[in-house]
Each structure stands twice: as structure tokens, then as C-alpha cells.
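>>> I would like the atomic coordinates for the input below:
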Amino acid sequence: MKDSITTSQESGGVTGSARRPGRPRSEQARHAVLMACTELMQEGGLKAVTTDRIAARSGVSKATIYKWWPNKHSVAVEAFLSQMYAESPDPDTGSAAEDFRVAVRGMMRFYASPSGRIFAQLVAEAQSDPKVATELRDRLIASRRELVRAIWDRGVERGELRADVDPEVAIDLFFGPAMYRLVAGHAPLDEAAADVIVEAALRGLAL
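Residues are numbered from 1 along each chain as shown. Purely as a prediction, here's the structure:
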């Protein structure tokens, strides 16, 4: 897990929009906080995470954490986002079909991992907590959809994908099944499933 977050940081995975106004953050301290949050979630789930425990584990003061994140859920969202970018970056292979295949495979790997099962807890909590829902939608989901929209736009520009399809609907067709499988647990979350999902979506979306 440490390698995933480090890789994401080095590649600029988490966008500046995830940051709060104020003094620039120390990347070393940020990394320590995200690692502490990730470790705590893996040890006891989302409910095991508190700002006090993050501070104790990371060595970063509570005051500093609250300067950068409004609450524990905000820290968790950024930790998840870092891992998602590490597992499923924008591949930009020159082929929309291959880009979607690589990206969906990466999301399947994340959802099938221990972190993916904890992420499902965050999704569940968002159903009853508007603040968590906003944090999840505005910071994590919006960022991921922006990345996938770039894949779609490139495919349309190259004449590989249909320009008459709503991009937001197309994105749901590629990535919605993975989220459904994560939440419902009714089908595998593996690379073979990713390939079948992408192939099925492309039958209606490719030129």
C-alpha cells in the first residue's frame, strides 16, 4: 500500500483541487497522514479511523491535519484517491478501447483489494451522511470521472467512438458495473470481468 500512495504522489495523481486553501503542505507530512489513515482503515475499517489516531500514528499534529482536511472522511477520500490513481491512471495508449480496458482493469483491482472493501463502507456511509456524500462526490468521483472523460474525448476526436452519445452516460456504462459488483458482491471483480464489460460497452459506443 505504501508503494501505491508514493507512486501516486510522484506522478501527480491527486489534483490540486483536493487541497484546501492556505499554507502549502509538506509532502512528507501529507504522505505520513495518508499512510496512517490507510493503515488504520485496513486494521479496523472506516470506523477505526479518528483524527486522534491518525495524528498519533503519523506523528503529524491534529492542528496541522485540520488545516489541510476538514474531517477524517476527507483524509480517507484522499487516501482512496491516491490508491485509485496508482491502480488506474490514465494509460493514454493511443487506443480508446485499450485505454478503457486498462482503466477498468485497474478499478477492478482496487475494488477487489482490502482497500476496495473499506471503500464500500465509505459509499454506504455516504447514503445517510450528506457531508460524506458531498466529500465523496466532489473530490473523488468527480476527479475519477474527469480522467475517464479525457479517455472518451480522445476516442471521439480520433473517430473511434460515437460523438452522438452523452459522455456521462458512456462513462457510466464502462465503470458502473464495477461499482455495482463492489456493492452487491454478485459477480467477480477481476481482469476477465473488466474485459467483458468494456467489450460489451464498446459494441454500442464504438464506430
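>>> any idea of the mean pLDDT for stretch 26-41?
Stretch 26-41 shows a mean pLDDT of 96.
>>> which secondary structure element of the chain has the lowest mean pLDDT?
helix 2-10 (a mean of 39; mean pLDDT, DSSP states H and E).
>>> buried ones in the helix or strand just after that one?
Beyond helix 2-10 in the direction of the C-terminus, DSSP states H and E gives the next helix or strand as helix 27-44. Within helix 27-44, the residues scored as buried using 16 or more other Cβ atoms under 10 Å are 29-41. For the C-beta atoms, the positions are set from N, CA and C on the backbone; glycine is no exception.
>>> over to stretch 125-142?
Buried, per 16+ other Cβ under 10 Å, within stretch 125-142: Glu125, Ala126, Val132, Ala133, Glu135, Leu136, Arg139, Leu140, Ile141.
>>> isn't the second one right up against Arg139?
What that stands for is Ala126. No: applying Cβ atoms under 8 Å as the test, Ala126 and Arg139 come out as separate, 11.8 Å apart.
>>> and Pro70, that's in a helix?
No: the assignment for Pro70 (DSSP: H, G, I helix; E, B strand; the rest coil) gives coil, which keeps it out of a helix.
>>> distance of it from Thr134?
11 Å (Cβ to Cβ, to the nearest Å).
>>> for stretch 116-133, the distance to its chain's centre please.
Put simply, stretch 116-133 sits 13 Å off its chain's centre (Cα atoms, centre = their mean, to the nearest Å).
>>> what sits up against that stretch?
41-42, 45-47, 71, 73, 76-77, 80, 110-111, 135-137, 179, 182-183, 189 (Cβ atoms under 8 Å, 6 or more residues apart in numbering).
>>> ok, 7 Å please
For stretch 116-133, the external contacting residues (Cβ atoms under 7 Å, 6 or more residues apart in numbering) are Met41, Gly45, Leu46, His73, Ala76, Phe80, Phe110, Leu136, Leu182, Val183.
>>> which one (most neighbours) among those?
Counting neighbours by other Cβ atoms under 10 Å, Ala76 leads these with 28 neighbours.
>>> in contact with the residue nearest to it when sequence neighbours are not counted: list those residues for me.
Of all residues beyond its chain neighbours, the one nearest Ala76 is Cys37 (5.8 Å), with distances taken as Cβ to Cβ, 6 or more residues apart in numbering. By Cβ under 7 Å, 6+ apart, the contact set of Cys37 is Val49, Ile54, Val75, Ala76, Ala79.
>>> list the buried residues in stretch 45-54.
Leu46, Val49, Thr51, Arg53, Ile54.
>>> tabulate these (JSON lines), appending pLDDT and secondary structure.
Formatted as JSON lines, the buried residues of stretch 45-54 follow (pLDDT from 0 to 100; DSSP: H, G, I helix; E, B strand; the rest coil):
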{"residue": "Leu46", "pLDDT": "93", "secondary structure": "helix"}
{"residue": "Val49", "pLDDT": "96", "secondary structure": "coil"}
{"residue": "Thr51", "pLDDT": "97", "secondary structure": "helix"}
{"residue": "Arg53", "pLDDT": "98", "secondary structure": "helix"}
{"residue": "Ile54", "pLDDT": "98", "secondary structure": "helix"}
